[in-house]
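# pasting a predicted model and its sequence here:
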Amino acid sequence: TRRNILISTQVAATFLSLCKALGQASTFALLSCISLAGAAWLHGALPETAGRSLEEIEDLFRARSYGQVRTADEDEVRNPLGDDEAM
């Protein structure tokens with residue numbers, strides 16, 4: 001929530017300055033591009049969870065938070081640093 005408030009405040013504080021400098025259409029285009037870039041990042045960063053159990057989803061996020069990578073069959077988890085003792 002705080003991040004949303006901070007970003008909204010930043011947009012509100014810079015919107016009029018951007019409109020004067022770039023024009024209204026260019027300002028909206030710029031903000032649209034920023035939003036699309038964020039949506040593209042979210043699409044790539046968040047895994048698909050449809051058809052998975054809650055336990056599988058928890059394991060998936062736990063593996064990502066510890067820097068582990070799932071292999072192609074997604075049954076085996078490995079540490080990309082090769083430090084198996086840290087797992």
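That came through, no problem.

# so the residue nearest the centre of the chain versus Leu22, what's the distance?
Central residue of the chain (C-alpha atoms, centre = their mean): Leu42, 3.7 Å from the mean position. Distance of Leu42 to Leu22, computed by C-beta to C-beta, to the nearest Å: 26 Å. For every residue, glycine as well, the C-beta is placed using N, CA and C.

# for the protein, which spans come out with low pLDDT?
Residue ranges of the chain with pLDDT under 70: 65-87.

# still on that earlier bit, what's the helix or strand where the residue nearest to the centre of the chain lies packed up against?
Leu42 is part of helix 24-45 when elements are defined by DSSP states H and E. Applying 3 or more C-beta pairs under 8 Å, 6 or more residues apart in numbering; DSSP states H and E, we find helix 24-45 packed against helix 2-22.

# buried stuff in the helix it packs on?
If you call a residue buried by 16 or more other C-beta atoms under 10 Å, then helix 2-22 has these buried ones: Leu18.

# any residues touching it, and which ones?
With C-beta atoms under 8 Å, 6 or more residues apart in numbering as the test, helix 2-22 has contacts from Thr27, Leu30, Leu31.

# one more pass at 7 Å, please.
Under the contact criterion C-beta atoms under 7 Å, 6 or more residues apart in numbering, helix 2-22 has outside partners Thr27, Leu30.

# mind exporting the C-alpha coordinates of it to PDB?
The C-alpha trace of helix 2-22 is given here as PDB (Å, rounded to 0.1, in the frame of the first residue of the first chain):
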ATOM      1  CA  ARG A   2       2.800   2.400   0.800                       C
ATOM      2  CA  ARG A   3       4.500   1.800  -2.500                       C
ATOM      3  CA  ASN A   4       1.200   2.500  -4.300                       C
ATOM      4  CA  ILE A   5       0.800   5.800  -2.400                       C
ATOM      5  CA  LEU A   6       4.400   6.800  -3.100                       C
ATOM      6  CA  ILE A   7       4.100   6.100  -6.800                       C
ATOM      7  CA  SER A   8       0.700   7.800  -7.000                       C
ATOM      8  CA  THR A   9       2.200  10.900  -5.300                       C
ATOM      9  CA  GLN A  10       5.100  10.900  -7.700                       C
ATOM     10  CA  VAL A  11       2.800  10.800 -10.700                       C
ATOM     11  CA  ALA A  12       0.600  13.500  -9.300                       C
ATOM     12  CA  ALA A  13       3.600  15.700  -8.500                       C
ATOM     13  CA  THR A  14       5.200  15.400 -12.000                       C
ATOM     14  CA  PHE A  15       2.100  15.200 -14.200                       C
ATOM     15  CA  LEU A  16       1.600  18.900 -14.700                       C
ATOM     16  CA  SER A  17       5.300  19.500 -15.400                       C
ATOM     17  CA  LEU A  18       5.300  16.700 -17.900                       C
ATOM     18  CA  CYS A  19       2.200  18.100 -19.600                       C
ATOM     19  CA  LYS A  20       3.800  21.500 -20.000                       C
ATOM     20  CA  ALA A  21       7.100  20.000 -21.200                       C
ATOM     21  CA  LEU A  22       5.900  17.200 -23.500                       C
END
